[in-house]
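*Asks:* Sequence and predicted structure are below.
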Amino acid sequence: MNLLFFDIDGTLITDDERRILPDSARDAIRLAREKGDMAFINTGRVFCNIDPFIRDVGFDGYVCGCGGYIRVGDKVLYHKLYSQEVCRKLAYDCRRYGFTAIFEQAEKNCFDKEMNSPFRDTIVSYFSKNKAELIDDIEDPGFVFDKFSAWYDDNSDHEGFKAAISPYFDYIDREGTFCEMKPKGHSKAIGIKFLLDFFGLSIHNAYVFGDGNNDLDMLKYAQNSVCMGSGSELAIKTASYVTDSVLDNGIYNAMKHYGLI
């Protein structure tokens, strides 16, 4: 049995407003599962922010929040939790240092109504389509989160912000004025290792599919690593195999290359 791990944006679906998931990718995952392999989403997103049309493909489990939440079927095997005290402190730190954040938890999304950003509003609108709970008050009794993403500007205090989050989260600088904070010491690769150990399998039984710099840890970790043809320069250099783009049947072709289907 092999475990197959798929990033979402730019890997399973097009990384644009169309968000197309090709039928060929659905077919490839179905065929691999019929042969006895298991398919997992491995994403920086929290569970509630995985769209229904992606879940409907048929996955055996999910590694979410950069390894901070792992489930097989309906059973949650691991969930890195932060106290409400820590979550509120960090939310106020975001306000103090000029970072407008979306705070994400497995079943809900939170934000600070006192901080405004057009990017934040777009994300909130997008996530609300998945009918996840939204909380906009730091002092709300339900305000907790597993990870968060944030936008900054020229007036933001990066050094103060990084110092404040460093005991709890690792900082990932993304494109533009955007950054992502994942649970400290966690990663997509750690999530893969957890499941390999859980099923008693070796690294040779892991196949990973990604496209971006936030996939580098898992592309380095697995010997059978695939980067989409439209991936980042670093991801392409890191992967064992470079396939075609999403719309050119990249997932299907890569799985065919490895004999998974």
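*Replies:* On my side now, so go ahead.

*Asks:* I'd like the mean pLDDT over stretch 187-198, please.
*Replies:* Stretch 187-198 comes out with an average pLDDT of 97.

*Asks:* what's the answer for stretch 70-78, then?
*Replies:* 97.

*Asks:* tell me which residues in that stretch are buried?
*Replies:* By 16 or more other CB atoms under 10 Å, the buried positions in stretch 70-78 come out as Ile70, Arg71, Val72, Tyr78. For the C-beta atoms, the positions are set from N, CA and C on the backbone; glycine is no exception.

*Asks:* Can you verify the second one is assigned to a strand?
*Replies:* Okay, so that is Arg71. Yes - counting by DSSP: H, G, I helix; E, B strand; the rest coil, one finds Arg71 located in a strand.

*Asks:* and it, how far is that from Leu4?
*Replies:* With distances taken as CB to CB, to the nearest Å, Arg71 is found 16 Å from Leu4.

*Asks:* Which positions in stretch 82-97 come out as buried?
*Replies:* Applying 16+ other CB under 10 Å to stretch 82-97 flags Tyr82, Cys87, Lys89, Leu90, Ala91, Asp93, Cys94, Tyr97 as buried.

*Asks:* which one of those is nearest Asp153?
*Replies:* Comparing these against Asp153 with CB to CB picks out Tyr97 as the nearest, at 11.3 Å.

*Asks:* is it true that that closest one touches Ile165?
*Replies:* No - contact criterion CB atoms under 8 Å: Tyr97 and Ile165 do not qualify, at 9.5 Å.

*Asks:* ok, now which ones touch Asp215?
*Replies:* Counting by CB atoms under 8 Å, 6 or more residues apart in numbering, Asp215 touches Asp7, Thr11, Lys188, Val208, Cys227, Ala235.

*Asks:* can you tell me which helix or strand the fourth one belongs to?
*Replies:* Okay, so that is Val208. Using DSSP states H and E, Val208 maps to strand 206-210.

*Asks:* Do you have the strands of the stretch 151-261 of the chain handy? List them.
*Replies:* Here the stretch 151-261 of the chain has its strands, by DSSP state E, counting those that start in this stretch, at 169-173, 178-183, 206-210, 224-227, 241-242.

*Asks:* TSV for these, including mean pLDDT, mean neighbour count and distance to Gly65?
*Replies:* Shown next, in TSV, are the strands of the stretch 151-261 of the chain (pLDDT from 0 to 100; neighbours: other CB atoms under 10 Å; distance: least, CB to CB, whole Å):
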stretch	mean pLDDT	mean neighbour count	distance to Gly65
strand 169-173	91	16	11
strand 178-183	92	20	7
strand 206-210	98	27	16
strand 224-227	98	26	21
strand 241-242	98	15	27
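
*Asks:* Among those strands, single out whichever gets nearest to Asp154.
*Replies:* If you check each of the strands of the stretch 151-261 of the chain against Asp154 by CB to CB, strand 178-183 wins as the nearest, at 14.4 Å.

*Asks:* what lines up beside the closest one in the sheet?
*Replies:* Under the criterion DSSP bridges, strand 178-183 sits next to strand 147-151 (antiparallel), strand 169-173 (antiparallel) in its sheet.
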